[in-house]
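Trainee: A structural model of the following input is requested.
(2 chains)
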Amino acid sequence: MVRVRIAPSPTGYPHIGTIFQALINYAIAKNAKPQGKFIVRIEDTDRTRFVEGAEEKIYEALDWFNLTEDESPRRRREGDYGPYRQSEKLEIYQERAQWLVDHGKAYYCFCTPEELDTMRKKQQLEGKSPMYNRTCRDLDPKKAAERAKKEPHVIRMRIIYGGAILKIHDDIRGDIEFKKDLIDDQVILKSDEFPTYHLAVVVDDHDMKITHVVRGEEWISSTPKHVLLYQYFGWNPPSFGSVKSGFVVLHTPLLRNPDGSKLSKRHGHAAVSWYKEQGFLPEAILNYLASLVYNYPKGEIFSLGDFVDSFDRTKIHSVGARFDLTKLKWMNGEHIRMMDNKTLKIALADFYKDDLEIIKFLESEESLKILDLAKTRMKTLKDFKNLVIPTKPELSNEEKNVAKTLLENFSKIDSWTKEAILSAMRETLNVHKAKGSVLYKIATGYESGLPLPDSLEILGKEKAIERIKKSSE
RNA sequence: GGCGCUUUCGUCUAGUGGUCUAGGACGUCACCUUCUCAAGGUGAAUAUCACGGGUUCGAAUCCCGUAAGCGCUACCA
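Mentor: Below you'll find the predicted structure:
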């Protein structure tokens, strides 16, 4: 059975890149026959960057996008492969690291951060690749073990030569070759006895029976270390079911800023919460993210279900796409138009839950009819407010005269229908040789908006006249 | 600097040797519709397929170089 995972770190707010990874992994799991498992593992091994509450925020984000996981710290079941929080299985990592030391695949290192720092600076000055200079690699094992009992130390993996080239197979990039003598003796257990990513990812993927390693492109360079660790432990690496190829991974492209750099905080669009605040729909965001990584054959607009059904992991793009908010907005508008009014109403009520004016409006009977008019004019939920809540305009004397005429014509109407309202509007415009936008300014405070005949009919004659009187004072 | 990945309209892409004088989507512009603004419809402009060499009767597509962008180069993930 297919088992895939995302492994976010609780180091801050949920990142849109995490959702991007979740979407791809989710699609791989759910597209498989039989359906696979989508797992969330919490990588909280960096205590200096740990943020209280960040883990819950990750779940909230996944739920908002409807990318609900099958296994995770919060939904453990009997027979699962936990713990799913790395801080809860420290002893296991320590044992495994010790095993590597005992079998000569890893060693204690007593070099201090300062020593390492000066070493690296020197290497850079000499134009060499900064790599650990292996001072502690050949210490006497027994003596080193004694020292380790009382001195602060780390454990490093020993890169063992033999075959100069290490080859991995990336499912979308093909074979990638690395020269072994350029692989660093990586720290696998830190001095605080927490594992680094490299040890933890290999141990966990193995323990959790992960079948497909799918992760961001930034991990390509460290994949050889992971291959070696699998070999050292004598484990079969995840291989997409094809045993003969050895370690097979799939590195997805990175999301980019509009200038081409890795999507970052600086552009402000990295946080999931930002999209929510701006009134984007989760299904539209997923649609957009999916379109960056996969070419949906039947058009631009599709649902999560459509995507999952048609998804083909071998057709994942290899190019890191720039985030285009304009296109996302267009898609969001398309998704708003596809929603039925009741669903849209629920989404709006949630988005404006702290805005009493809008909530009151949504509770009114006429709001459903208004939604039909508003739908084609919204790109985001945020656009809704200005469409339905008028503001007081600053009218010129000329415009005040138009308002006066409009009022007179409106008050003459006996049967308040949109046809009657429209002809009163036309007459007013005729008298003053004015453009339609003036009437919108008078009635709503904005030069454009929902069709006046329709919205004023729904409003009712009394309220409509009252509103126009107010704005032309 | 070293290693790796990537490279088709402004952006996202289709394209796996002839059907490509390169198709679609967003954006832009024009027109239609029209009480405003949208939505919708129709149409237009925008790519010497990063560059330079090969291979071939024929290359966006295969090969080799170069360049640029990005990633990694931590006791962060």
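Trainee: and the residue in chain A that RNA strand B sits nearest to, how many neighbours?
Mentor: Nearest to RNA strand B in chain A, going by C-beta to the nearest atom of the strand, is residue A:436, at a distance of 1.9 Å. No exception for glycine: its C-beta is placed from N, CA and C like everyone else's. Using other C-beta atoms under 10 Å, residue A:436 has 13 neighbouring residues.
Trainee: shouldn't it be in contact with residue A:429?
Mentor: Yes: contact criterion C-beta atoms under 8 Å: residue A:436 and residue A:429 qualify, at 6.5 Å.
Trainee: and the nearest residue to residue A:327 once chain neighbours are set aside, how many residues sit next to it?
Mentor: Distances taken as C-beta to C-beta, 6 or more residues apart in numbering put residue A:288 closest to residue A:327, at 6.8 Å, once the chain neighbours are dropped. Look at residue A:288: counted by other C-beta under 10 Å, it has 24 neighbours.
Trainee: check contacts around residue A:288.
Mentor: A:327, A:328, A:331 (C-beta atoms under 8 Å, 6 or more residues apart in numbering).
Trainee: One more pass at 10 Å, please.
Mentor: Residues in contact with residue A:288 (C-beta atoms under 10 Å, 6 or more residues apart in numbering) are A:20, A:275, A:280, A:300, A:321, A:323-325, A:327-332, A:335.
Trainee: Report the backbone C-alpha coordinates of whatever helix or strand it lives in in PDB.
Mentor: Assessed by DSSP states H and E, residue A:288 sits inside helix A:282-293. Provided in PDB are the C-alpha atoms of helix A:282-293 (Å, rounded to 0.1, in the frame of the first residue of the first chain):
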ATOM      1  CA  PRO A 282      -9.200  27.000  -0.200                       C
ATOM      2  CA  GLU A 283     -10.400  25.100  -3.200                       C
ATOM      3  CA  ALA A 284      -9.200  28.000  -5.500                       C
ATOM      4  CA  ILE A 285      -5.800  28.000  -3.800                       C
ATOM      5  CA  LEU A 286      -5.500  24.300  -4.300                       C
ATOM      6  CA  ASN A 287      -6.600  24.600  -7.900                       C
ATOM      7  CA  TYR A 288      -3.900  27.200  -8.400                       C
ATOM      8  CA  LEU A 289      -1.200  25.200  -6.600                       C
ATOM      9  CA  ALA A 290      -2.100  22.100  -8.500                       C
ATOM     10  CA  SER A 291      -1.900  23.900 -11.800                       C
ATOM     11  CA  LEU A 292       1.700  24.900 -11.100                       C
ATOM     12  CA  VAL A 293       2.800  21.300 -10.700                       C
END
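Trainee: Briefly note if it comes near RNA strand B.
Mentor: Yes: counting by C-beta under 7 Å from any atom of the strand, RNA strand B is contacted by helix A:282-293 at A:291, A:292, A:293.
Trainee: Now do the contacts for the first one.
Mentor: For residue A:291, the set of contacting residues under the criterion of C-beta under 10 Å, 6+ apart consists of A:300, A:301, A:302, A:307, A:317, A:321, A:327, A:328, A:331.
Trainee: The residues you listed in helices, which ones?
Mentor: Residues of the contacts of residue A:291 located in helices (DSSP state H): A:307, A:327, A:328, A:331.
Trainee: got TSV for these, with distance to RNA strand B, neighbour count and pLDDT too?
Mentor: Shown next, in TSV, are these (distance: C-beta to the nearest atom of the strand, whole Å; neighbours: other C-beta atoms under 10 Å; pLDDT from 0 to 100):
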residue	distance to RNA strand B	neighbour count	pLDDT
A:307	14	22	97
A:327	4	13	97
A:328	8	22	97
A:331	8	23	98
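Trainee: Determine which two of the residues you listed are furthest apart.
Mentor: Taking C-beta to C-beta, the two most distant members of the ones in helices among the contacts of residue A:291 are A:307 and A:327; they sit 16.5 Å apart.
Trainee: Let me know how buried the spatially closest residue to residue A:161 that is not a sequence neighbour is, in neighbour terms.
Mentor: Nearest residue to residue A:161, sequence neighbours excluded (C-beta to C-beta, 6+ apart): residue A:180, at 5.7 Å. Applying other C-beta under 10 Å, we find 15 residues neighbouring residue A:180.
Trainee: what sits against residue A:180?
Mentor: By C-beta under 10 Å, 6+ apart, the neighbours of residue A:180 are A:159, A:160, A:161, A:162, A:163, A:164, A:165, A:166, A:224, A:228.
Trainee: Recalculate using a threshold of 7 Å.
Mentor: When contacts are counted by C-beta atoms under 7 Å, 6 or more residues apart in numbering, residue A:180 touches A:159, A:161, A:163, A:164, A:165, A:166.
Trainee: Show me what from the stretch 101-250 of chain A comes close to RNA strand B.
Mentor: Going by C-beta under 7 Å from any atom of the strand, the residues of the stretch 101-250 of chain A near RNA strand B are A:111-113, A:116, A:120, A:124, A:127-132, A:152, A:154, A:173-174, A:176-179, A:182, A:184, A:187, A:190-192, A:194-197, A:217-222.
Trainee: Residue most distant from the centroid, chain A?
Mentor: For chain A, the largest distance from the centre (C-alpha atoms, centre = their mean) belongs to residue A:412, which lies 56.0 Å off.
Trainee: so what's it closest to, chain neighbours aside?
Mentor: residue A:424 (7.4 Å).
Trainee: now swap in residue A:289 and tell me
Mentor: Closest to residue A:289 by C-beta to C-beta, 6+ apart is residue A:20, at 5.1 Å.
Trainee: same check, this time on residue A:4
Mentor: residue A:25 (4.4 Å).
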